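Visitor: The sequence isn't on hand, but the structure is:
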């Protein structure tokens, strides 16, 4: 694809309409808010493409796993060792990308 050619694929909204979230009972990512309180960047809040990390008034971070893309970005950008625990969702659960 030529970098100067405009994108002609489906819109973001149309693409997201093909995504199914099979929510597991237990989260596949857990956040240790005690560790997050000492974090100065809160990189996960800014880097998560789904916007699922929310800073709390006490300096911690709340994570809403229900619509996670499972991309691992949060795990890669977290600069506080031990703040995030990440694993794959239990079998048959998680995000499902379907082609339309």
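Guide: Cool, got the structure. Predicted model only: the values in this text are computed from it and were never measured. Residues are numbered from 1 along each chain as shown.
Visitor: Distance-wise, check the residue nearest to residue 24 when sequence neighbours are not counted relative to residue 70.
Guide: Nearest residue to residue 24 in three dimensions, chain neighbours excluded: residue 93, at 3.7 Å (C-beta to C-beta, 6 or more residues apart in numbering). From N, CA and C alone the C-beta is placed, and that goes for glycine too. In this view, residue 93 and residue 70 are 10 Å apart by C-beta to C-beta, to the nearest Å.
Visitor: Overlap in contacts, the two.
Guide: Here residue 93 and residue 70 have residue 28 as joint contacts, going by C-beta atoms under 8 Å, 6 or more residues apart in numbering.
Visitor: residues touching the residue nearest to residue 24, list them.
Guide: 22-24, 28 are the contacts of residue 93 under C-beta under 8 Å, 6+ apart.
Visitor: Residue 31 contacts residue 63, correct?
Guide: Yes. Counting by C-beta atoms under 8 Å, residue 31 touches residue 63, with 4.6 Å between them.
Visitor: who touches both of the two?
Guide: Residues touching both residue 31 and residue 63 (C-beta under 8 Å, 6+ apart): 44, 53.
Visitor: what about the strands in the chain?
Guide: With DSSP state E as the criterion, the chain has strands at 19-22, 29-31, 53-55, 61-63, 84-86, 94-97.
Visitor: could the ones you listed be laid out in CSV, adding distance to residue 74, mean pLDDT and mean neighbour count?
Guide: As requested, those are exported to CSV (distance: least, C-beta to C-beta, whole Å; pLDDT from 0 to 100; neighbours: other C-beta atoms under 10 Å):
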stretch, distance to residue 74, mean pLDDT, mean neighbour count
strand 19-22, 17, 87, 12
strand 29-31, 7, 92, 18
strand 53-55, 7, 94, 17
strand 61-63, 8, 92, 19
strand 84-86, 6, 90, 17
strand 94-97, 14, 84, 14
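Visitor: Export the ones you listed as a markdown table, with columns for distance to residue 45.
Guide: Output for the strands of the chain, formatted as a markdown table (distance: least, C-beta to C-beta, whole Å):
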| stretch | distance to residue 45 |
| --- | --- |
| strand 19-22 | 21 |
| strand 29-31 | 11 |
| strand 53-55 | 5 |
| strand 61-63 | 7 |
| strand 84-86 | 12 |
| strand 94-97 | 20 |
